[in-house]
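Trainee: Generate a structure from the sequence data that follows.
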Amino acid sequence: MGNHSTTTTPATSETSLHPAPTDNAKRPNFFYRLVDPKIDRLSANPERLFTSALLSPKGLLCWRAFALVWGCMILGFQANGRPAWSFFAFFTNLTWLGLTLYFLVTTIQTCRYVKSGSAEFWLKQSKFTKWATWNVYVLPATFHWIVPIIFWPLLSSNLVKNGTALSWWSNINVHALDLVFMLIELVLGLTPMYLSQWPTPIFFAALYCGFAFFQNKVYSTFPTVENDKAT
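Mentor: Next comes the predicted model:
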């Protein structure tokens, strides 16, 4: 009788087909989903932060650098001859601080993109840095509607009646150009925003409310939109 050899196939365990998830494969926890929405989607196409559908990267850099210089000029004008607590007493100045900070960050990073021709430098940043620089954009885009909406219908009556050419010039710069600059940036830029980014504006709005009550306790005044300077 011939020998009948049999081939034994190693049993494949279910565990080998479905390996246990590693730490990197774990489902993101609630905190991760709260503070880090869509960051991986942005990382897949970071050029959106530094390019435009209407301008070349160099043209976009020139616009952002111009807006940065103008924002610094407005902040200097607003801070001239007043104590620090008075400067921070007005929501107008705080929104200009946020907008100027955004243009500072985006000008530096757009310059790096123009010089290198790549967004590799952005991808090498930590996830927190990516999130922070992205949300420096989200905050001005969210809050810069407030000052013009409040100032022009409610607080500009004295300017309309008694305003001089200089007071009109200063108030248009302080209470309107911030929104104009943000709208231009929204049109020129390709930086995305998502509804899931709501925690960041809500957090800073709550922080501002806390600051307002603190300032009222110390200086007996609430931060407000600055009134017109017609007189």
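
Trainee: How many residues are close by residue 99?
Mentor: 28 (other C-beta atoms under 10 Å). Any C-beta I mention is one placed from the backbone N, CA and C, and that applies to glycine too.

Trainee: whoops, residue 73 was the one
Mentor: 12.

Trainee: State the distance from it to residue 137.
Mentor: 21 Å (C-beta to C-beta, to the nearest Å).

Trainee: What is the burial count for residue 109?
Mentor: For residue 109, using other C-beta under 10 Å, the count is 20.

Trainee: so who does it touch?
Mentor: Residue 109 sits next to 49, 50, 121, 122, 133 when contact means C-beta atoms under 8 Å, 6 or more residues apart in numbering.

Trainee: same check, this time on residue 136
Mentor: Applying C-beta under 8 Å, 6+ apart, the residues near residue 136 are 98, 101, 102, 105, 106.

Trainee: Got a PyMOL select line for the buried ones in these?
Mentor: Buried residues among those (16 or more other C-beta atoms under 10 Å), as a PyMOL selection:
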select buried, resi 98+102+105+106
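
Trainee: what are the phi and psi values for the residue nearest in space to the middle of the chain?
Mentor: Central residue of the chain (C-alpha atoms, centre = their mean): residue 137, 1.9 Å from the mean position. Backbone torsions of residue 137, given as degrees, to the nearest 10, read phi -80, psi -40.

Trainee: State the distance from the nearest residue to it once chain neighbours are set aside to residue 182.
Mentor: Among residues not flanking residue 137 along the chain, residue 191 sits closest, at 5.3 Å (C-beta to C-beta, 6 or more residues apart in numbering). Taking C-beta to C-beta as the measure, residue 191 falls 12 Å from residue 182.

Trainee: what about the two, which has more around it?
Mentor: residue 182 (21 against 17).

Trainee: The residue nearest to the centre of the chain touches residue 106, doesn't it?
Mentor: Yes - with contact defined as C-beta atoms under 8 Å, residue 137 reaches residue 106; the gap is 7.1 Å.

Trainee: Nearest residue to residue 71 in space, ignoring adjacent ones along the chain?
Mentor: With C-beta to C-beta, 6+ apart, the residue lying closest to residue 71 is residue 100, at 3.4 Å.

Trainee: Look at residue 86 and report its pLDDT.
Mentor: Here the pLDDT value assigned to residue 86 is 72.

Trainee: ugh, wrong one, I meant residue 82
Mentor: Note on residue 82: pLDDT of 73.

Trainee: Buried residues in the longest helix belonging to the chain, which are they?
Mentor: Assignment by DSSP state H gives helix 91-116 as the longest helix of the chain. Buried residues in helix 91-116, counted by 16+ other C-beta under 10 Å: 91-100, 102-107, 109-113.
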